[in-house]
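Q: Return a 3D structure for these sequence lines:
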Amino acid sequence: MKSGESIKELNCSDLNRISSSRPYGFQIFDRETIICLLYFNDFDPIGKNYLESHSEPNQTYPGNWWFTLMNTSYHNFVKAKSFRRTTPLQVSPETSKCTNSSILISGPARSGTSLLGNLIASFRSIEYSYEPNLLWLLLRLNRQSFLESWKLIYETFLYEDLFLGEVSGRSTNLRTKDESSIFRHKDEKEIQQRLEGPGSRLEIQKLSVDKRLAVKIPDIVDVIPSLSEMYPGMSIVIAIREPIATINSWLSKAWLSDKSLMGGLTLFPFRKYKNFQIPHFIPFTNAKYFVELSERDRVVYYLNHVYELINLVPKKILIRYEDICSQPNEVVRYLSTALKTTPTNKTDQLILQIRQIENLHQNVPSHLFRSFEETYSKYQYLVNQSDFHRQ
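A: So this is what the prediction gives:
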């Protein structure tokens, strides 16, 4: 809340409701948190009502603001409506710099985002985070209602937990069989160095100066345009894959089957519609239509939707999974140049492991191509946007 702005009107029932709520009672939250609860619509209808009369400009309250509220009458509290907010919390300049220079790797799930992520992660001075769970939810929050608070949380999480966690080895996944294992994109010598490296925060920060964070998280394409406005220095790399191969891969996972959507396999986060758990990447306004589709048509609907969203992403680097498999060296050169870094020996090892794709459309009935005509049209439009593919 800015200096001179009005505090929201509270009626007695609203006041009693907040005061008695757990864990949201005034007695356990500090002043800043209470202001957030009142100001950011967490308790309807408090966030919608302003009292513009009985104002005393520039009035301030002490740090333990809620005690003032509890120890004065409701009438006096409502009269004294305007106050200055305390100095906002801040984080280090390195935190914002890390976020603004980060690399976001996304695209439809089952489109080669993991392979693309491992290649980028193997580049020099790149620290990599594979599908951090908190971001699934954090990126879905309505950032417009509490933008500064959201940015504080987001930047801190990326810098402190993901970036410095990888540099220090404290967040490193050493399970070799996992897709997120560090052994998939760093060699053993480098892994050992960071595990035996310095432990103080200052020393770790010194090691991180010339490094850059890459985060791989699919199915968040719809939030990327607003994210890129906040962090214009962020690089956005999107993976796409031939539609039938993507559809078949989704069907093999059964992620959008009735059994999965009714709780058998939860795609986090989700919204509840009747007995179905609608994944976060499906527009909830179309939930009724979506659940009435067959499993295959749900996947097709999903792809059509996400292809449209990719068109809205600015300054993106579009990479086809098929190009990675057929021209891995060329893709690596293109990516490393675009991201201003260089490949390593680990990159060369990863290239040797990439398998060539066989006939993509083998044994696919011709009538299926006709039923996917819209999907292919949208996919081809994206392919034509790819600078690499046009080379």
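Q: Could you list the low-confidence segments of the stretch 151-300 of the chain?
A: Filtered on pLDDT under 70, the stretch 151-300 of the chain yields the residue ranges 265-266.
Q: any idea where the strands of it begin and end?
A: 212-216, 235-240, 270-273, 276-279 (DSSP state E, counting those that start in this stretch).
Q: Same list, the ones you listed, but as CSV with mean neighbour count and distance to Lys316 please.
A: Where you see a C-beta, it was placed from the backbone N, CA and C, and this is true even at glycine. Compiled in CSV, these are given as follows (neighbours: other C-beta atoms under 10 Å; distance: least, C-beta to C-beta, whole Å):
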stretch, mean neighbour count, distance to Lys316
strand 212-216, 23, 15
strand 235-240, 24, 5
strand 270-273, 14, 27
strand 276-279, 19, 23
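Q: a markdown table for those strands, including distance to Leu162?
A: Listed next are the strands of the stretch 151-300 of the chain as a markdown table, based on distance: least, C-beta to C-beta, whole Å:
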| stretch | distance to Leu162 |
| --- | --- |
| strand 212-216 | 6 |
| strand 235-240 | 16 |
| strand 270-273 | 24 |
| strand 276-279 | 23 |
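Q: For Lys259, find the nearest of those strands.
A: Shortest distance between Lys259 and the strands of the stretch 151-300 of the chain, using C-beta to C-beta, is found for strand 276-279: 10.9 Å.
Q: For Gly107, list the residues it contacts.
A: 113, 116, 218, 221, 238-240, 306, 310 (C-beta atoms under 8 Å, 6 or more residues apart in numbering).
Q: repeat that with 6 Å
A: With contact taken as C-beta atoms under 6 Å, 6 or more residues apart in numbering, Gly107 is in contact with 113, 218, 238-240.
Q: Same question for Phe183.
A: Contacts of Phe183 (C-beta under 6 Å, 6+ apart): Thr176.
Q: Distance check, it against Lys272.
A: 39 Å (C-beta to C-beta, to the nearest Å).
Q: for Tyr154, same thing?
A: Distance from Tyr154 to Lys272, by C-beta to C-beta: 26 Å.
Q: now Gly199
A: From Gly199 to Lys272 the distance is 44 Å (C-beta to C-beta).
Q: what does Phe284 give?
A: Counting by C-beta to C-beta, the gap from Phe284 to Lys272 is 10 Å.
Q: The closest residue to Glu160 other than its chain neighbours - how many residues pack around it?
A: Nearest non-adjacent residue to Glu160, counting by C-beta to C-beta, 6 or more residues apart in numbering: Thr95, 7.4 Å away. For Thr95, the neighbour count with other C-beta atoms under 10 Å is 20.
Q: Make sure Thr95 is indeed in a helix.
A: Yes - secondary structure of Thr95 (DSSP: H, G, I helix; E, B strand; the rest coil): part of a helix.
Q: Show me what the host helix or strand of Glu374 is in contact with.
A: Glu374 is located in helix 373-385, with elements delineated by DSSP states H and E. Here helix 373-385 makes contact (C-beta under 6 Å, 6+ apart) with 240, 243, 300, 303-304, 307, 310, 318, 389.
Q: hmm, 7 Å instead?
A: 240, 243, 300, 303-304, 307-308, 310, 318, 320, 389 (C-beta atoms under 7 Å, 6 or more residues apart in numbering).
Q: Dump the contacts of Gly107 to TSV, plus distance to Ser106.
A: Formatted as TSV, those follow (distance: C-beta to C-beta, whole Å):
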residue	distance to Ser106
Thr113	7
Pro218	6
Ile238	6
Ala239	8
Ile240	11
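Q: Going by neighbour count, which of the contacts of helix 373-385 are buried?
A: Buried subset of the contacts of helix 373-385 (neighbour count, 16 or more other C-beta atoms under 10 Å): 240, 243, 300, 303-304, 307, 310, 318, 320.
Q: what's the most distant pair in these?
A: That would be Val300 and Leu318, which, of these, are the farthest apart (C-beta to C-beta) at 20.7 Å.
Q: Make a markdown table from the contacts of helix 373-385 and add distance to Thr341 and secondary structure to it.
A: Listed next are the contacts of helix 373-385 as a markdown table, based on distance: C-beta to C-beta, whole Å; DSSP: H, G, I helix; E, B strand; the rest coil:
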| residue | distance to Thr341 | secondary structure |
| --- | --- | --- |
| Ile240 | 22 | strand |
| Pro243 | 31 | helix |
| Val300 | 37 | helix |
| Leu303 | 31 | helix |
| Asn304 | 34 | helix |
| Tyr307 | 29 | helix |
| Glu308 | 31 | helix |
| Ile310 | 24 | helix |
| Leu318 | 19 | strand |
| Arg320 | 21 | strand |
| His389 | 21 | helix |
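Q: Among these, pick out the one closest to Glu127, please.
A: Checking the contacts of helix 373-385 one by one against Glu127 (C-beta to C-beta), the nearest turns out to be Leu318, at 23.5 Å.
Q: you'd agree the closest one is up against Ala239?
A: No - here Leu318 does not reach Ala239: they are 8.2 Å apart, not a contact under C-beta atoms under 7 Å.
Q: need the contact list for Gly263.
A: Gly263 touches Gln277, counting by C-beta under 7 Å, 6+ apart.
Q: ok, now how distant is it from Ile278?
A: For Gly263, the distance to Ile278 - C-beta to C-beta - is 12 Å.
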